[in-house]
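> everything below, folded, please.
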Amino acid sequence: MAHAAILRSQYGHATIESIDTSAAEDADGVLAVFTSEDIEASDAPGVIQAPPIMPNAVPTPFPVLAKDVVRYTGEAIAVVVAEDRYAANDALDLIDVDYDRREAVVDVREALEDDAPTLHEEAPDNLAFDWPFGDEEALDEAFAEADTTASVELQNQRLIGDPMEPRSVLAEQEDGGLKVTMSTQVPYMEVDHLAGTLGLDEEDVHVVSPSVGGGFGIKGGEYPEEVVVSWCALQLDRPVKWTETRSEGHQADYQSRDWYLDGELALEEDGTISAMRVDCANTVGAYFAFGPTLAGNFQPLLSGQYEIDEIGGRIVGSYTNTTPTASYRGAGRPEVMYLVERLVDAAARELDMDPAEFRRKNLIPPDAFPYESAVGAVYDSGDYEPALDLALEHADYDALRERQAELREEGRYLGIGVSSIIENSANQPGMGELGRVRFGQDGKLTAFLGTHDHGQGHETSFSQILSDELGVDYDDIEIEEGDTQYLPGGVGTFGSRSMALGGAAMVDAAEQVKEEARKIAADQLEVAAEDLEFEDGEFYVTGAPDRSIKITKVAELAADQEIELDATAEYDPPNFGWPFGTHIAVVEVDPDTGEVDFEQYVAVDDCGTVINPLIVDGQIHGGVAQGIGQALYEGAQYDENGQLLTGSMQDYAVPKSIQIPEMTTDETETPSPHNPLGVKGTGEAGTTAATPAVINAIVDALEPYGVEDVEMPARPENVWRAIREADESA
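Numbers count the residues shown, from 1 in each chain. Model (predicted):
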């Protein structure tokens, strides 16, 4: 096995005048050094091209090794392959790149100004997409007739995913094709990605994704490194491995968020929301790396849990000299819910209404489902008020408000933040998932799924379902994911889709296996198949339960008869699932220091049918931790030249366990009609709800000072400055 190391751009924007690799090629242990010229000379396209799925999109080709121009710090320029990783990394220092630096732009909106430097000839104004929506005339009329309005101008900062395990790739030739073992959430999608960028047939690409230490969405996209390492393995005809360092991950892993969020509500004096107008801007970074999934999830959720007659505005995307953006836990949902829930709180303040009661006033009623919002999204099912009530009950909301008033008399500032969110989970139609169920000769059961477990507990949940469906002992069930040789297709895990899609496909396959087993059981019991009942893993004759046979025994008989009890099914949803919930954060803020201390955190979520309550709680805990991370600690920063200032864990503050509060979790259950399990997904709920809940709590605490917003992350200095700036403007 050889080892690869990647030479990366030290500048945010520059022309590559020349690359001299001769000294590196002559270094001890070096097998080869490759640049874009070498890839171009081969049959491989070597370019990542995102599909233009957004309105007025201007996607740009993303070369896996930069050719003429580098557009972000950390962009891959050359690859060294050596006998060991030390020799490979040492040789990077011997590559001489002559740069001609260009002006850079890193701010989402500054990139769209007339005097901004251009990143791509295809997009001379740096506009990546432009998405106007809604009825502008109806919006103008609604705002003209409103009794009052409320508005916010927010920034949702850029984040770095930082999963426990960095990305890693091992590529090798296999039976005339390519086998790639890699840290990815989407092994089946990677087959398509690798085949397309390397110029191979999909049937010649085998992807394996073993146990993976976290993903959070950033391992759900196509990266240059996995293509380059695979290409090197094919060129050298030997296995090649690359594992990124943490600092490489900060530069090269796709980042996320980075939005400007301006919104306005038209309000009636009784507290009714009549219209919403938004003007939002996001950046795709230096390239359209994985399609604009952020904006694609953002717009359908603008109505939140609320009845709003008119919604419209504009979402634009810009190119900037920053690492490309892609999905990170929530992928557009935390951004839009941050806007909606901060805006709803601003409206409650404008009307001098309690924020919880203002929400209750505008909730979509349960008899309105399926509900089509003003932006055309159709919510499958919901009953929002019980979740709100349960959260208020757990928090002892009325007593909190009384205590808040008492503490203010003592000069202490308690804040109560409410966040009532909705998500679209389980992905859009056309991205179904596959499941396969097979009995072995020993009567044990194996399920193969196109989904991927990188910390979600799939083995536990899927085994529980199969045990219930087929009556097989839990310990006799094996779940296989992450190897593309077992299924004809699949997708992977992201967007809270695994149980709703993979689980549904697996149940369908299990039913097919059961029906095939029924025929064999009927022969053994000498009755017609339709005369058999099935319960607790046994077929028995209707009206004669003592005449029975276990399905595991049927499996053994099937093996003797060379009959395969093996079925594959695909589930393609007719619509998203729509999980929802209400979270309440209670904090105390010290106005002298800006310190924020948690008093309690309540999370009540509805993810449809709950398969395993402990796993659901675990997903909520992890999501809330990441949402708190954005609210209080995390933020990727670039200087004006495109240099990443948060290039290591010394500069980028992931929250520690001691900084995460104890949580009270609970759930309501509103099953989805779109899949046989009734599940909706819960992997992103905590992240989506926590950030606005925490910031709403801080702003609520500082209401006596006139503070209406705190810049995220709300570190003590930012909180302290918000108090002083509000005092100066008063």
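
> domains in this protein, by residue range?
Using automatic domain parsing, the domain ranges for the chain come out as 2-102+164-214+219-252, 256-426+575-729, 433-571.

> for the ones you listed, which one ends up most surrounded?
Sort the domains of the chain by mean neighbour count, taking mean count of other Cβ atoms under 10 Å, and domain 256-426+575-729 sits at the top with a mean of 21. In this view, the C-beta of every residue, glycine as well, is placed from N, C-alpha and C.

> quick one: mean pLDDT over that one.
Averaging pLDDT along domain 256-426+575-729 yields 95.

> kindly report the same for stretch 133-153.
97.

> can you list contacts of stretch 56-63?
Contact with stretch 56-63 is made by 36, 46-52, 120, 122-123, 127-131, 224, 287-289, 292, 319, 324, as judged by Cβ atoms under 8 Å, 6 or more residues apart in numbering.

> coming back round to it: how about the domains of the chain in CSV, adding distance to R158?
Listed next are these as CSV, based on distance: least, Cβ to Cβ, whole Å:
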stretch, distance to R158
domain 2-102+164-214+219-252, 11
domain 256-426+575-729, 4
domain 433-571, 19
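
> of those, which is nearest A142?
Smallest distance to A142 across the domains of the chain (Cβ to Cβ): 3.6 Å, for domain 256-426+575-729.

> give me the distance between the two termini of that closest one.
Domain 256-426+575-729 has an end-to-end distance of 33 Å (Cα to Cα, to the nearest Å).

> on that earlier part again, select, out of the domains of the chain, the one closest to A150.
domain 256-426+575-729 (3.9 Å).

> quick one: distance of that closest one to the chain centre.
15 Å (Cα atoms, centre = their mean, to the nearest Å).

> just stretch 154-174 next, same as before
With Cα atoms, centre = their mean, you get 12 Å for stretch 154-174.

> re the thing from before, nearest to E141, of the domains of the chain?
When the domains of the chain are compared by Cβ to Cβ, domain 256-426+575-729 sits nearest E141, at 8.4 Å.

> leaving out sequence neighbours, find the closest residue to D383.
P366 (4.3 Å; Cβ to Cβ, 6 or more residues apart in numbering).

> need phi/psi at the one you found.
Phi and psi for P366, reported as degrees, to the nearest 10, are phi -60, psi -30.

> rewinding a little: would you mind saying which of the domains of the chain lies nearest Q157?
Per Cβ to Cβ, nearest to Q157 of the domains of the chain: domain 256-426+575-729, 4.4 Å.

> got a list of contacts for stretch 119-139?
Contact with stretch 119-139 is made by 13, 54-60, 71, 105, 111-112, 116, 118, 275, 277, 283-284, 286, 288, 292, 295, 299, 310-321, 374-375, as judged by Cβ under 8 Å, 6+ apart.

> ok so, going back, which one of the domains of the chain lies nearest to E145?
Closest of these to E145 is domain 256-426+575-729, at 7.7 Å (criterion: Cβ to Cβ).

> hang on, the earlier thing: of the contacts of stretch 119-139, which belong to strands?
275, 277, 283-284, 310-319 (DSSP state E).

> distance to A585 added to these, as a markdown table?
Shown next, in a markdown table, are those (distance: Cβ to Cβ, whole Å):
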| residue | distance to A585 |
| --- | --- |
| A275 | 28 |
| R277 | 28 |
| T283 | 28 |
| V284 | 31 |
| E310 | 31 |
| I311 | 27 |
| G312 | 31 |
| G313 | 28 |
| R314 | 31 |
| I315 | 28 |
| V316 | 31 |
| G317 | 31 |
| S318 | 32 |
| Y319 | 36 |
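
> out of these, the closest to G304 would be?
Among these, I311 lies closest to G304 (Cβ to Cβ), at 10.1 Å.

> report the contact partners of the closest one.
By Cβ under 8 Å, 6+ apart, the residues touching I311 are G134, A275, M276, R277, V278, L302, S303, S373, A374, V375.

> any idea how far the most far-flung residue of the chain relative to its centre is from I549?
Taking Cα atoms, centre = their mean, the residue of the chain most remote from its mean C-alpha position is E526, at 52.7 Å. Distance of E526 to I549, given as Cβ to Cβ, to the nearest Å: 11 Å.

> still on that earlier bit, just flag the most distant two among the contacts of I311.
Using Cβ to Cβ, the contacts of I311 span at most 14.9 Å, a distance reached by R277 and S373.

> what is the lengthiest helix in the chain packed up against?
Secondary structure of the chain per DSSP state H: the longest helix is helix 504-525. Here helix 504-525 touches strand 433-439, strand 445-449, helix 458-470, strand 532-535, strand 538-541, strand 544-550, helix 551-560, strand 566-571, going by 3 or more Cβ pairs under 8 Å, 6 or more residues apart in numbering; DSSP states H and E.

> would you format the ones you listed as JSON lines with mean pLDDT and distance to L31 included?
Output for those, formatted as JSON lines (pLDDT from 0 to 100; distance: least, Cβ to Cβ, whole Å):
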{"stretch": "strand 433-439", "mean pLDDT": "95", "distance to L31": "39"}
{"stretch": "strand 445-449", "mean pLDDT": "95", "distance to L31": "37"}
{"stretch": "helix 458-470", "mean pLDDT": "94", "distance to L31": "39"}
{"stretch": "strand 532-535", "mean pLDDT": "94", "distance to L31": "60"}
{"stretch": "strand 538-541", "mean pLDDT": "94", "distance to L31": "61"}
{"stretch": "strand 544-550", "mean pLDDT": "92", "distance to L31": "57"}
{"stretch": "helix 551-560", "mean pLDDT": "91", "distance to L31": "49"}
{"stretch": "strand 566-571", "mean pLDDT": "95", "distance to L31": "42"}
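
> just send these back as CSV, with distance to G176 too.
Supplementary listing: the helices and strands packed on helix 504-525 in CSV, determined by distance: least, Cβ to Cβ, whole Å:
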stretch, distance to G176
strand 433-439, 25
strand 445-449, 24
helix 458-470, 32
strand 532-535, 45
strand 538-541, 46
strand 544-550, 44
helix 551-560, 33
strand 566-571, 26
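
> so which of the ones you listed is nearest Q643?
Closest among those, using Cβ to Cβ: helix 458-470, at 39.9 Å.
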